[in-house]
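*Asks:* Turn this into a model:
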Amino acid sequence: MEVKLIKSKKDYKVALERLELIFDSKKGTKEGDELELLSIIINDYESRVFPIFNPDPIEAIKFRMEQMGFEQNDLANIIGLKSRASEILNRKRKLTLEMIRKISSVMNIPTEILIQNY
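*Replies:* Sure, this is the predicted structure:
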């Protein structure tokens, strides 16, 4: 197959079908090189057409709390006060740098997500 830029949904579908066919190709072979190029081109197309944005910081905290089985009291234990946790979750108070550090450390949420505007 001739590897070319993906410019349409049809091109994308064809590229995915080809990728599936050569997926187990050995590195250093002709098909292995094609697989590598095709992967790069598909990734570029998906990044442009299906961008993934970082989640809202508060929604990320709520989601992680749910995953970890945390309640508001658990968040309060991380950042200090129950009232402060409530204010954060209700968007009445912004996260401070110290809160971001603690939440990131305990809840394993990347700081890049927590420092965003909301």
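*Asks:* what stretches of the chain score poorly on pLDDT?
*Replies:* Where the chain drops to pLDDT under 70, the residues are 1.
*Asks:* can you list the domain ranges for it.
*Replies:* Annotated domains of the chain cover 9-49, 57-114 [automatic domain parsing].
*Asks:* Which elements pack onto the helix of greatest length in the chain?
*Replies:* For the chain, the helix with the greatest residue count under DSSP state H is helix 30-49. Here helix 30-49 touches helix 9-22, going by 3 or more C-beta pairs under 8 Å, 6 or more residues apart in numbering; DSSP states H and E. For the C-beta atoms, the positions are set from N, CA and C on the backbone; glycine is no exception.
*Asks:* relative orientation of the helix it packs on and helix 30-49 in degrees?
*Replies:* Here helix 9-22 points in a direction 140 degrees away from that of helix 30-49 (axes from the mean of the first three to the mean of the last three C-alpha atoms, to 10 degrees).
*Asks:* Of the domains of the chain, which stretch is the most buried?
*Replies:* For these, ranked by mean neighbour count under the definition mean count of other C-beta atoms under 10 Å, the leader is domain 57-114 at a mean of 15.
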